[in-house]
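K.L.:
Just to be clear, the model below is a prediction. Sequence and coordinates:
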Amino acid sequence: MLRLQSTDQWGTYHVGDCAFFSKLEAVMYSRHSGKPVTWQYMRDTFERYNWTQEPTQSLWELYSQRARQLREKYAYIMLMYSGGADSTNVLKVFESNNLHIDEIRMGYAGDISNVNSLSIEPNQEIYHAALPRVRELQKKWPNLKVTVVDMNPLMVKRVCKQTESLHYGTNSAWNPWQAVRFGISTLNDLDWLPKLNGDKSIAVLWGKDKTRITKAQGRYAVEFQDVDLHGNIEELPDHCKHEYFYWSPDSVPLIIKQGHVLKNFLSHSKDPQWFVDNKKFFSKHFDNRWTYNSIQLEGQTVFLNNGFYNTMVYPHYDPTIIDTGKAEWRGVGQVVRNAFYKDQNLRRSLADYMRQKFLDYTGYAAITDTGAISPMTCSDQPWFLEK
């Protein structure tokens, strides 16, 4: 089985008195025992803090503190960069504090020099926003390495291998695209990691960890869900570590501050005019493309969009840049069709694999148009922002 670096980083699944690293194993045991699955995430760390007390530092001060912390800790920082608001904020924090990043890695579906590849929406964000921004940074950081990975052959290789890590190491939604995003392989192929002299430490840095605000028992709270973490548990050498920029035991005040900033804004919803003035932040229904999350406000379910989140917590957010909203499932469908549908044998192999390995896990057979499945979402206890 896969070795985890830290039970806190990924959380653990619990069924009765038994604990699991793998959601699939927990679900299988739950159905055997008749007991429910729960998930715990960094509780030992979070319990040391008073979440009802808003930190006095600004968000930008806390972001800057986190960037300095990472730069001092690691000899080499590799940022997984999608061009979206979350990872762009990470990039801006480092740049504004004159802290360099060693490598920026981007995942692209196809050959970036082929103009036809721009028909895939996530590619547009890389091509029109992320890559030009990174090229400008290379003028400031001449030693910055920029890597754009064609994920299509990696997806085919991964599905053909069909090792147990494909399912037992997957704790959130599974699809071939996310499994090899940024060119990461979970098949004991670590060629994507830099070769450094000696045993210098390497950070694989992610900026995808959005702090979710909710209401529980009538009070605002921060809620963590396993599907917001990285979808695949990967083995790394001892000198390498996955680092989340926002969610870390080393930066809990940052998370608490994000929660309070969101809460403070939403608290004004008691005024009917507030809904009119801020309608640009709402979606009419749940939509994977644009919705950040839903919340109960004044007796109604409100779907908050990504523009709301980005505006509230990223001080230098630029809403004019291209942002596909990750169009997650439609983009995956396009990518998987391009990679697999030309080979009917491979397409059948993928569908059979999905049915065999995941039917009991999710209640769904293979969704062959997208190659994606979505297992149950697990949430940990709420961390209340008010008494």
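P.N.:
Sure, I can see it. Residues are numbered from 1 along each chain as shown.

K.L.:
Helices along the stretch 1-150 of the chain, start to end?
P.N.:
Ranges of helices within the stretch 1-150 of the chain are 7-10, 23-33, 43-46, 59-73, 85-96, 121-125, 131-140, based on DSSP state H, counting those that start in this stretch.

K.L.:
Which of those helices sits closest to residue 79?
P.N.:
helix 85-96 (6.4 Å; C-beta to C-beta). (Each C-beta comes from the backbone N, C-alpha and C, glycine too.)

K.L.:
What residues of that closest one count as buried?
P.N.:
For helix 85-96, burial by neighbour count (16 or more other C-beta atoms under 10 Å) applies to 85, 86, 87, 88, 89, 90, 91, 92, 93, 94, 95.

K.L.:
Which member of the residues you listed is positioned nearest residue 14?
P.N.:
Among the buried residues of helix 85-96, and counting by C-beta to C-beta, the member closest to residue 14 is residue 86, at 29.0 Å.

K.L.:
how near is that closest one to residue 98?
P.N.:
Residue 86 sits 22 Å away from residue 98, going by C-beta to C-beta, to the nearest Å.

K.L.:
Next: residue 295.
P.N.:
Counting by C-beta to C-beta - residue 295 and residue 98 are separated by 38 Å.

K.L.:
same thing with residue 346?
P.N.:
48 Å.

K.L.:
Ok, residue 303 next?
P.N.:
Noted for residue 303: a distance of 39 Å to residue 98, by C-beta to C-beta.

K.L.:
Comparing those two, which shows the higher neighbour count?
P.N.:
For residue 303 versus residue 98, neighbours defined as other C-beta atoms under 10 Å are more numerous around residue 303 (18 against 8).

K.L.:
Over to residue 220. Which of the three states is it?
P.N.:
Of the three states, residue 220 takes strand under DSSP: H, G, I helix; E, B strand; the rest coil.

K.L.:
Now do the contacts for it.
P.N.:
Contacts for residue 220 (C-beta atoms under 8 Å, 6 or more residues apart in numbering) come out as 213, 214, 259, 263, 266, 267, 384, 385, 386.

K.L.:
Now the fifth one. Nearest residue, chain neighbours left out?
P.N.:
Once flanking residues are discounted, residue 266 sits nearest to residue 297: 6.5 Å by C-beta to C-beta, 6 or more residues apart in numbering.

K.L.:
Roughly how far does the one you found sit from residue 39?
P.N.:
With distances taken as C-beta to C-beta, residue 297 is found 26 Å from residue 39.

K.L.:
Mind checking which of those two has more residues around it?
P.N.:
Each of residue 297 and residue 39 has its neighbours counted (other C-beta under 10 Å); residue 39 has more, 22 against 17.

K.L.:
want to throw the helices of the stretch 1-150 of the chain into JSON lines with mean pLDDT and distance to residue 276?
P.N.:
Formatted as JSON lines, those follow (pLDDT from 0 to 100; distance: least, C-beta to C-beta, whole Å):
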{"stretch": "helix 7-10", "mean pLDDT": "71", "distance to residue 276": "42"}
{"stretch": "helix 23-33", "mean pLDDT": "82", "distance to residue 276": "42"}
{"stretch": "helix 43-46", "mean pLDDT": "94", "distance to residue 276": "36"}
{"stretch": "helix 59-73", "mean pLDDT": "98", "distance to residue 276": "27"}
{"stretch": "helix 85-96", "mean pLDDT": "96", "distance to residue 276": "25"}
{"stretch": "helix 121-125", "mean pLDDT": "81", "distance to residue 276": "31"}
{"stretch": "helix 131-140", "mean pLDDT": "94", "distance to residue 276": "35"}
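
K.L.:
Of all those, which one is nearest residue 218?
P.N.:
From the helices of the stretch 1-150 of the chain, taking C-beta to C-beta, the stretch that ends up closest is helix 43-46, at 21.0 Å.

K.L.:
so where is this structure shaky, pLDDT-wise?
P.N.:
Applying pLDDT under 70 to the chain picks out residues 1-8, 159, 161-179, 185-188, 230-234, 285-290, 322-341, 350-376.

K.L.:
if you go through it in chain order, where are the strands?
P.N.:
12-15, 18-20, 38-40, 76-80, 103-108, 145-150, 202-206, 212-216, 219-223, 240-244, 282-283, 291-297, 300-305, 383-384 (DSSP state E).

K.L.:
now those as TSV including distance to residue 118?
P.N.:
TSV is the format used below for the strands of the chain (distance: least, C-beta to C-beta, whole Å):
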stretch	distance to residue 118
strand 12-15	40
strand 18-20	42
strand 38-40	38
strand 76-80	21
strand 103-108	10
strand 145-150	14
strand 202-206	25
strand 212-216	32
strand 219-223	36
strand 240-244	30
strand 282-283	26
strand 291-297	25
strand 300-305	24
strand 383-384	41
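
K.L.:
ranges for the helices of the stretch 201-350 of the chain?
P.N.:
252-266, 272-277, 306-313, 328-340, 344-362.

K.L.:
contacts for the shortest one?
P.N.:
Spelled out, that is helix 272-277. Counting by C-beta under 8 Å, 6+ apart, 268, 269, 282 sit against helix 272-277.

K.L.:
Pick the one among those closest to residue 377.
P.N.:
residue 282 (22.2 Å).

K.L.:
so how far is residue 344 from the closest one?
P.N.:
From residue 282 to residue 344 the distance is 44 Å (C-beta to C-beta).

K.L.:
More neighbours: these two, which one.
P.N.:
residue 282 (15 against 9).

K.L.:
How much space separates the more buried one from residue 112?
P.N.:
Residue 282 sits 35 Å away from residue 112, taking C-beta to C-beta as the criterion.

K.L.:
ok, now residue 147?
P.N.:
For residue 147, the distance to residue 112 - C-beta to C-beta - is 11 Å.

K.L.:
what do you get for residue 221?
P.N.:
For residue 221, the distance to residue 112 - C-beta to C-beta - is 42 Å.
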